[in-house]
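Trainee: Next input, structure requested:
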Amino acid sequence: MSLILQIEGAELAYGSHPLLDGAGLRLMRGERLGLIGRNGSGKSSLLRVIAGQAVLDGGDVRTGEGVHVVLVEQEPVLPPAETMRESLVLRGALDDMHDERERWRVEARLDEYLHRLSVRAEGDPASASGGERKRAALALAMAMEPELLLLDEPTNHLDIGAIALLEEMVQKLPGLILITHDRAFLDRVVTRIVELDRGWLRSYPGNFAAYRERKNDELEAEKIAARKFDDFWAQEEVWIRQGIKARRTRNEGRVRRLERLRDERAARRERLGNVRLSLDAGERSGKLVAELEHVHQSFGGRVLVRDLSMRLIRGDRLGLVGPNGAGKSTLLKLILGELAPEGGAVRLGTKLEVAYFDQMRAQLDPDRTLAETISPGSDWVEVGGNRKHIMSYLADFLFPPERARSPVSTLSGGERNRLLLARLFAKPANLLVLDEPTNDLDIESLELLEDTLADYTGTLLLVSHDRAFLDNVVTQTLVAEGDGHWQEYAGGYTDWIAQRPAPADQRSAETTRTVAPTPAPAAARKPAGAKMSFKETKELEALPARIEALETEQSELLAGMAALKGSAMQDAARRAAEIGKELETVYARWEELEARR
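Mentor: Below is the predicted model:
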């Protein structure tokens, strides 16, 4: 395997806080690294250094000969332009490419990935959502075919379908380094975990599950070693204070050893503390929390909720799952009574005390200080019946006293999430609503939040695309199945996958094996929901092969364009674009028949 990246003796500090302290790393072709660590440990800074967007204070970063590096930031910035495609051309500086053939190939691949990631090429980048911007930046990155792709929290704002597609795409890359809190993504994608811990990079072969096992053993060994070191150091300190004996010539070596011990202990950087969470469910609500009867809701001419009837009982832990734009946030507002349904009825239970975690963090005033955000007008908060000083309470969420008077605007994304959790947990609530709470949280904080929710006795409504988090927290899942239909399943994400109906092509194959079909007359296209004809069933079965053939032809055209010139190259590019449009039509037909089936 050839070398893609080598880092030696890396030093990087902001103020007096070292992010990299003599760190080293090697990445070989074919490796996919998951970079993990606490919020603020320097992971994003390291990616910027590798991408050439920041420089080290000391040490060296080298890439292999000809290695092309592409970074997709946590919040990608898209240049102003009339369309999304034009903005991406500017972002990738495609117009500045000297090799015309390569520019043609990149732009053709860009069109392909925009389609695969469901990005509207003609959409307005200025009005794009966070998810659309992230998918667009990912499409450009994949189109540029980098030898080393750097991804900073790529799953933020993506729905489960887009995450699964991204998992598939990145496994074909020569080299990958990604930062993510999504443990399922790490387990499916990476070949090695690299932890940034107190300025050092520590490597663990395998996926996240393998890392967790080794890390637990390592932490226990570290605690034992630290305790033995401290005991020995304490004994030596007692000895040096005994007086004149310590200054005798025969003990000079022991004195020098003690001086080295003092230096080692001063240099030893203790492990960062953990967030300390506690959640007060307050007074019990009534047994019925909410009941929906034949609820119907639409927005912008599109049905988001169609004829939904369900009951939410005290103590339920309901996860809402569906693609972006399916109406999850709208459904939350209907359940909470914040939005009156267009049709049907919603009945709320009694004695409800609601705490709402908003994924957009709209509840945080950027001009207020952290202390004012948690407890306006008071230096005390009451949690679980106990009064606690605001400084002590903020320290539970890893905010030191000197940060208490800082404005919210100075916080990072992960810090804002922690502050919003601190605000929510500062008051009792028997109905907790969490809309994408895992974005920007580090894995340790995420797992602690899971443990806290496990002990929560109230009712929970959770919107999340984090599959592991859903599995570990919810007891039932409400899934958007298209056209405004929602279906409830017992258990979390994995349970839903096991229970959901088989895909249309699989069911068609099973039907073909067990039932001898009889020919049916051709018919005009039927409305959604009508029974499929035999001809349509066979058409659906044939579509995957047709899609594969078109994608293969397109890939071969793009690969062969390097050897073409003039009109031949233009003809190949034109045919590749035609295939892209044909694929859009075929995919749309596939989705239509699959939904009908």
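
Trainee: in stretch 421-430, what's buried?
Mentor: Residues of stretch 421-430 classed as buried by neighbour count (16 or more other C-beta atoms under 10 Å): 421, 422, 423, 424, 425, 426, 428, 429, 430. Quick note: C-beta positions are derived from backbone N, CA and C, even for glycine.

Trainee: average model confidence for it?
Mentor: Across stretch 421-430, pLDDT averages out at 83.

Trainee: got the end-to-end distance for it?
Mentor: Taking C-alpha to C-alpha, to the nearest Å, stretch 421-430 runs 15 Å from one end to the other.

Trainee: would you list every one of the strands in the stretch 151-300 of the chain?
Mentor: Using DSSP state E, counting those that start in this stretch, the strands assigned to the stretch 151-300 of the chain run over residues 176-179, 192-197, 200-205, 288-299.

Trainee: Check which element follows the longest one along the chain.
Mentor: For strand 288-299, the following helix or strand on the C-terminal side (DSSP states H and E) is strand 302-313.

Trainee: tell me the mean pLDDT over that following strand?
Mentor: For strand 302-313, the mean pLDDT works out to 94.

Trainee: Only alpha carbons, please: show that strand as CSV.
Mentor: The C-alpha coordinates for strand 302-313 follow below in CSV (Å, rounded to 0.1, in the frame of the first residue of the first chain):
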residue,chain,number,x,y,z
ARG,A,302,-48.2,18.5,-0.2
VAL,A,303,-49.8,16.2,2.3
LEU,A,304,-47.6,15.7,5.3
VAL,A,305,-50.0,13.7,7.5
ARG,A,306,-52.8,11.6,6.1
ASP,A,307,-55.5,10.1,8.3
LEU,A,308,-53.3,9.4,11.3
SER,A,309,-54.8,8.0,14.5
MET,A,310,-52.6,7.2,17.5
ARG,A,311,-52.3,7.5,21.3
LEU,A,312,-49.4,8.6,23.3
ILE,A,313,-49.4,7.2,26.9
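
Trainee: Check which residues of it are buried.
Mentor: Within strand 302-313, the residues that count as buried by 16+ other C-beta under 10 Å are 304, 305, 306, 308, 310, 312.

Trainee: With stretch 190-204 instead?
Mentor: 190, 192, 193, 194, 195, 196, 197, 198, 199, 201, 202, 204.

Trainee: Then stretch 118-128?
Mentor: Going by neighbour count (16+ other C-beta under 10 Å), the buried part of stretch 118-128 is 118, 119, 121, 123, 125, 128.

Trainee: now the helix or strand containing residue 88, how far from the centre of its chain.
Mentor: Applying DSSP H and E as the criterion places residue 88 in helix 84-91. Relative to its chain's centre, helix 84-91 lies at 24 Å (C-alpha atoms, centre = their mean, to the nearest Å).

Trainee: What sits closest to residue 52 if chain neighbours are left out?
Mentor: residue 69 (7.1 Å; C-beta to C-beta, 6 or more residues apart in numbering).

Trainee: Distance across stretch 313-322, terminal residue to terminal residue?
Mentor: Using C-alpha to C-alpha, the end-to-end distance of stretch 313-322 comes out at 22 Å.

Trainee: hmm, who's touching that stretch?
Mentor: 159-160, 284-289, 312, 328, 331-332, 349, 430, 453, 457-465, 470, 473-480, 492-493, 496 (C-beta atoms under 8 Å, 6 or more residues apart in numbering).

Trainee: if we go to 7 Å?
Mentor: The contact list for stretch 313-322, computed with C-beta atoms under 7 Å, 6 or more residues apart in numbering, reads 160, 284-289, 312, 328, 331, 459-464, 470, 473-480, 492-493, 496.

Trainee: next one: stretch 465-475
Mentor: If you take C-beta under 7 Å, 6+ apart as the criterion, stretch 465-475 is touched by 155, 158-160, 163, 182-184, 316-319, 438, 446, 450, 453, 462, 464, 477, 491-494.

Trainee: Same question for stretch 48-65.
Mentor: Residues outside stretch 48-65 that contact it (C-beta under 7 Å, 6+ apart): 2-13, 45, 69, 71, 148, 150.

Trainee: out of the residues you listed, which are buried?
Mentor: Burial by neighbour count, 16+ other C-beta under 10 Å: within the contacts of stretch 48-65 this picks out 4, 5, 7, 10, 12, 45, 69, 71, 148, 150.
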